[in-house]
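Enquirer: Give me coordinates for this.
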Amino acid sequence: MASLVEPVPLLGLCDGELDPKRYRSSFQTNKVGGLPDWLPLISRPRPSCGLCGAPSALIAQVYCPLQAAAAHHRNLHLFACSRGTCSGRPESWTALRSQSLKAEVAAARGPSRPPTKQEPSPAATDWCEQADDWGAEEVQEEVREDEESSQSEDCPPACEMLFSSHMQTLSLEEETEVHIFRPLFISVVEESELYEDEEDLEHAKELLREYEKKEGAVMAELEESGGGAAENYEKSSAKHGDAVFSRFMKTISWCPQQVLRYCRGGRPLFISSPPPSMPQAVPRCSSCGGSRTFELQLMPALVSLLQRTEQATGAELEFGTVLVYTCTSSCWTPGSKLAVEEFCFVQADPDQQLFQ
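Expert: Alright, predicted model coming up:
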């Protein structure tokens with residue numbers, strides 16, 4: 001039976017530059033930009049733009065194990081084409097989900113370090129269902145220190161050779177083809193922590209409920225009326241602004257710097273009106289044929305932080321929000337080395353239309 005408790009949104013905030021000279025990121029690192037870190041057993045895919053065919057750049061990497069599958073490591077990698085002609089169009093985005101059994105990853109890594117120096121692994125409840133801390137700062141700091149100190153002692157020779165070979169391949173092939181964005185750490189805070197106290201939180205929720213009820217009544221009246229009502233609604237919208245966009249701005253006003261919003265199984269935050277057939281617009285899982293559920297979305301504040309590491313000309317990536325829907329059961333074939341492609345729903349920033 002599905003839980004009646006609304007999942008608590010977790011907000012991702014950029015937390016400083018991930019300097020590759022000081023830190024070596026891993027698949028457990030939450031970050032923006034840089035090069036993707038894959039689970040050891042996963043074949044390294046090279047996603048490309050569905051419009052122009054150019055190699056896609058990594059936009060965000062999220063480590064997000066599920067409580068229901070605590071024995072698995074689980075990642076989401078989001079890629080996009082940074083060419084101006086493709087930017088903002090859904091065909092230029094790719095979301096890949098990968099999973100591996102923790103026991104298999106441990107075996108692939110080889111002999112571990114002494115127990116006192118083991119790399120901390122975030123608990124499943126730190127991330128998704130019933131999460132209360134999506135990226136504890138103390139854990140993140142320990143991971144950074146461990147990643148830095150373990151560059152020479154943590155990996156066996158075979159692992160070091162593989163890593164070195166991979167980096168050489170990337171430097172010779174990928175960096176000449178893919179636009180790489182400056183890597184940044186992502187730290188996470190529970191949305192409710194942004195309110196000063198419970199009274200503020202309840203007051204904010206009540207205001208939002210009243211607002212949604214009011215706007216819902218307007219939309220219902222619009223749907224029941226004919227074209228004349230639509231024309232009147234367009235005129236009123238021009239006066240007070242788009243209702244959906246207004247709700248979006250009200251919701252993020254407590255933390256406008258959020259770059260990522262995670263709420264698996266919760267309600268997405270649309271920046272503009274979604275199509276009436278939104279449930280049908282989300283295709284079923286390409287792997288198992290099951291339904292998909294909303295998991296996370298990228299937010300407008302991320303756009304200004306996406307800075308290329310190389311000298312490149314042309315338009316930067318632009319979007320309003322990118323919603324990612326993943327397999328409800330997070331299906332996975334044991335021993336599989338292939339990442340599963342999930343669904344991205346892209347909405348442009350409404351303000352961009354003013355300049356077109």
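
Enquirer: okay, now the domains of this structure?
Expert: Following automatic domain parsing, one gets these domains for the chain: 10-191+257-355, 196-253.

Enquirer: Flag whichever of these has the least confidence on average.
Expert: Per-segment mean pLDDT for those reaches its minimum on domain 196-253, at a mean of 60.

Enquirer: Next one: L76 from A57, what distance?
Expert: Distance, L76 to A57, by C-beta to C-beta, to the nearest Å: 16 Å. Just so you know, the C-beta spots here come from the backbone N, C-alpha and C atoms, and that holds for glycine as well.

Enquirer: who's more crowded, those two?
Expert: Between L76 and A57, counted using other C-beta atoms under 10 Å, A57 has the larger neighbour count: 25 against 20.

Enquirer: what's the closest non-adjacent residue to that one?
Expert: H179 (4.9 Å; C-beta to C-beta, 6 or more residues apart in numbering).

Enquirer: Can you report how many residues neighbour that neighbour?
Expert: H179, neighbours per other C-beta under 10 Å, totals 23.

Enquirer: One more: L338?
Expert: L338: 12 neighbours (other C-beta under 10 Å).

Enquirer: now it, what's its secondary structure?
Expert: Recorded secondary structure, L338: coil (DSSP: H, G, I helix; E, B strand; the rest coil).

Enquirer: Please apply the same query to K250.
Expert: helix.

Enquirer: Could you measure from it over to E190?
Expert: From K250 across to E190, the span is 19 Å (C-beta to C-beta).

Enquirer: do the same with L296
Expert: 14 Å.

Enquirer: quick one: which of these two has more around it?
Expert: L296 (27 against 14).

Enquirer: Please, which helix or strand holds V105?
Expert: helix 102-109 (DSSP states H and E).

Enquirer: and that helix, which residues are buried?
Expert: E104, V105 (16 or more other C-beta atoms under 10 Å).

Enquirer: Could you do stretch 271-279 as well?
Expert: I271.

Enquirer: can you check stretch 72-92 too?
Expert: Buried residues in stretch 72-92, counting neighbours by 16+ other C-beta under 10 Å, are found at 72-83, 86-89, 92.

Enquirer: Please name the residues that touch the closest residue to L76 other than its chain neighbours.
Expert: Using C-beta to C-beta, 6+ apart and skipping the chain neighbours, the partner closest in space to L76 is V62 (4.6 Å). With contact taken as C-beta atoms under 8 Å, 6 or more residues apart in numbering, V62 is in contact with G12, N30, N75, L76, H77, L78, I186, L260, Y262, L296.

Enquirer: and if you look at S273?
Expert: By C-beta under 8 Å, 6+ apart, the contact list for S273 reads D242, V244.

Enquirer: same thing but 10 Å
Expert: M219, D242, A243, V244, F245, Q347, P350 (C-beta atoms under 10 Å, 6 or more residues apart in numbering).
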